[in-house]
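Visitor: Need coordinates for the following:
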Amino acid sequence: MTLANRSLVTIDDLSNGEILSLFSLADEMSSDMAGQYGVCRGKIMASLFFEPSTRTRLSFEAAMHRLGGNVITASDVGASSLAKGESIADTAKIIGGYADIAVIRHPWEGAAKVVADYAGIPVINAGDGGHQHPTQTLLDLYTIIKERQSIKGLKIALWGDLKYGRTTHSLIFALARFGADILFCPSPGLGVPQHIIDKLVTEYGGEVESVDDSVKKRNENLFPVDAIYTTPNSPHQLAMMPDISVQVELKGGVDALYVTRPQKERFTDKEQGDGIKYQYPVVNKKFLEAKAFRKTMVMHPLPRVDELAYDVDADERSMYFKQAARGVPVRMALLAALLGVKKTVVPLVESPALPRYPSYRHEPVPACPNPKCVSIQPTETKYLKPEYRIVKTNPLTLRCVYCEHGFEPKYVASIDWHEHRPDMKKYHSAGSHWAKDIRPENLIVFNSEEQAQAYGYKPSHFAGGHH
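Guide: Presented below is the predicted three-dimensional model:
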């Protein structure tokens, strides 16, 4: 399958084979940078960065210039028509008439999907709020493969802000797909959001085991791990004995330590006021003397603040400047492939088949509970309707197609009410067996009894949640 004219909104938009094909193209391009000039002659890239960026923006623009293409930019919401109340969809349609490909960074989660839906040209997500940052994940994977040849079976520790760090959200899914075990080492209060964990376990198999205090105490001379994702490829006996699995994982050392800064710009007012204790041990030369880190690659998407010391820069284990430099050939390969000016040969490799979830189709359509979701912003609700996939029936869970946050409705009903008699038009607790019995195409959800009654439904014996 060709990558031409496709968009990259989340890392799920690429199969494992397609990712590896991009890496082969990046290798080819980096070995002859001068020879790439002219590959994109006559092509225009729109660079739309509505949040601060140094590496991502400059590496994309450098990539397009090295390919011989041209760049047009919009980098300040205040200086664009978005400041006048223009919708993202209208902006996308206009940009689609000016450029051949667009790269967008935006604070709203799901904004890149809206641009991809309306622009009519390939669109690349350069970070949408705390949602995803798939091209950062590509160069992270590229770095690991260049240094370790393979990802399968590696132990990768994710360190710092795992709640708002969009780079880690994309990376978690990609590492799981390529068969790595993941150690979660969040700063206090900044753990991985539950909807990310739910998607990880549901779609990639494996297990996420919390590390209990007794295990932490036995391993206190190592480093703080809150939870471990073990791939389905892990030995069966370890998967059956989580405590032993945890100890084996911790004592075996770590292949890569992926450090992230606290994303203070995404903290809620309460988190800002509470002054979240994000200070974990600073990753410095002394910290890396621990046995677990003897052969560990130290990675960081940058910028760094205080979490990664400058004395690590000269250490041969430090990879973060190599990571950043590799962003140019990786993004050159991606631009050329999506524009269809370079063909990629996709190897036949195993890639987990992502499930196809049924869509939620009926009124009322609940508003997404994520305040950063593009679907609930006033300028976008004029044309955007929230959309959901039904990803679980026990408990019933809907996932927003824009920001991928999941939520559990309180009440359910069926449009296929018994014999279509008004007196049989009943609603039930989402915790009752009805939530599992109603077919997806007939499902209606309500967030309150008042809402259900406003739609003409009456409480059933199961409205109180009893089975």
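Visitor: Every contact and neighbour count from this point should use C-alpha atoms.
Guide: Noted.
Visitor: Report the contact partners of K152.
Guide: 178-180 (C-alpha atoms under 8 Å, 6 or more residues apart in numbering).
Visitor: what's the answer for L139, then?
Guide: The contact partners of L139, taken as C-alpha under 8 Å, 6+ apart, are 323-324, 326-327, 330.
Visitor: what about it, which SS state?
Guide: Three-state call for L139 (DSSP: H, G, I helix; E, B strand; the rest coil): helix.
Visitor: oh, and call the first residue 52 from now on, that's how I've got it
Guide: With the count now opening at 52, the last piece we talked about shows up as L190.
Visitor: pLDDT at it, what is it?
Guide: At L190, the predicted lDDT confidence score is 92.
Visitor: now R472
Guide: 68.
Visitor: picking that back up, which of the contacts of L190 are buried? Put it as a ChimeraX command.
Guide: With 16 or more other C-alpha atoms under 10 Å as the criterion, this ChimeraX line picks the buried residues out of these:
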select :374,375,377,378,381
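Visitor: Just put the contacts of L190 in TSV and tack on secondary structure, distance to S483 and pLDDT.
Guide: Below are those laid out as TSV (DSSP: H, G, I helix; E, B strand; the rest coil; distance: C-alpha to C-alpha, whole Å; pLDDT from 0 to 100):
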residue	secondary structure	distance to S483	pLDDT
Q374	helix	50	87
A375	helix	51	85
R377	helix	52	90
G378	helix	50	89
V381	helix	49	96
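Visitor: nearest to K476, of the contacts of L190?
Guide: V381 (55.9 Å; C-alpha to C-alpha).
Visitor: which one is that closest one nearest to, not counting chain neighbours?
Guide: A77 (5.1 Å; C-alpha to C-alpha, 6 or more residues apart in numbering).
Visitor: Roughly how far does the one you found sit from V356?
Guide: Relative to V356, A77 is positioned 30 Å away (C-alpha to C-alpha, to the nearest Å).
Visitor: what's the answer for K433, then?
Guide: From K433 to V356 the distance is 40 Å (C-alpha to C-alpha).
Visitor: One more: R382?
Guide: If you go by C-alpha to C-alpha, the gap between R382 and V356 works out to 25 Å.
Visitor: higher neighbour count, these two?
Guide: Using other C-alpha atoms under 10 Å as the criterion, R382 and V356 rank with R382 on top: 25 against 10.
Visitor: and the more buried one, what are its phi and psi?
Guide: Comment: the main-chain dihedrals of R382 come out as phi -70, psi -30, following degrees, to the nearest 10.
Visitor: mind listing what it touches?
Guide: R382 sits in contact with 77, 110-111, 114, 186, where contact means C-alpha under 8 Å, 6+ apart.
Visitor: Quick check: pLDDT value at it.
Guide: Looking at R382, the pLDDT reads 96.
Visitor: So the residue nearest to V381 sits against M383, correct?
Guide: Yes. A77 lies in contact with M383 (C-alpha atoms under 8 Å); the separation is 7.1 Å.
Visitor: mind listing what's buried in stretch 201-211?
Guide: Buried residues in stretch 201-211, counting neighbours by 16+ other C-alpha under 10 Å, are found at 202-211.
Visitor: What of stretch 381-396?
Guide: Within stretch 381-396, the residues that qualify as buried by neighbour count (16+ other C-alpha under 10 Å) are 381-391, 393-395.
Visitor: Those in helices, which ones?
Guide: With DSSP state H as the criterion, helices contain 381-389 from among the buried residues of stretch 381-396.
Visitor: tally of neighbours for the residue nearest to V381?
Guide: Counted with other C-alpha under 10 Å, the neighbours of A77 add up to 22.
Visitor: before we move on, what SS does it have?
Guide: Per three-state DSSP, the local secondary structure of A77 is helix.
Visitor: For the one helix or strand T218 maps to, name the packing helices and strands.
Guide: Secondary structure here is read from DSSP states H and E; on that basis T218 sits in helix 217-228. In this structure, helix 217-228 packs against helix 185-199, strand 232-237, helix 245-255, with contacts taken as 3 or more C-alpha pairs under 8 Å, 6 or more residues apart in numbering; DSSP states H and E.
Visitor: tell me which residues in stretch 492-505 are buried?
Guide: Along stretch 492-505, the positions that meet the burial threshold by neighbour count (16+ other C-alpha under 10 Å) are 494-498, 500, 503.
Visitor: the helices in this structure, which residues?
Guide: Remark: helices of the chain, listed N- to C-terminal, are 67-81, 106-117, 139-149, 162-170, 185-199, 217-228, 245-255, 264-269, 287-291, 293-302, 320-325, 371-389, 485-488, 500-505; assignment by DSSP H.
Visitor: tell me which helix or strand of the chain sits lowest on mean pLDDT?
Guide: The element with the least model confidence among the helices and strands of the chain, by mean pLDDT, DSSP states H and E, is helix 287-291, at a mean of 44.
Visitor: which residues touch the nearest residue to A225 once chain neighbours are set aside?
Guide: Distances taken as C-alpha to C-alpha, 6+ apart place I62 nearest to A225, at 7.0 Å, with adjacent residues excluded. I62 is in contact with 183, 185, 188, 221, 224-225, counting by C-alpha under 8 Å, 6+ apart.
Visitor: Wait, D78 touches M383, no?
Guide: No. At 10.5 Å, D78 and M383 do not qualify as touching, with contact defined as C-alpha under 8 Å.
Visitor: Need the distance between the two termini of stretch 157-173.
Guide: Separation of the first and last residues of stretch 157-173 by C-alpha to C-alpha is 17 Å.
Visitor: what does it contact?
Guide: Contact with stretch 157-173 is made by 56-60, 100-102, 139-141, 143-147, 150-153, 155-156, 174-176, 178-182, 389-390, 423-426, 452-454, as judged by C-alpha under 8 Å, 6+ apart.
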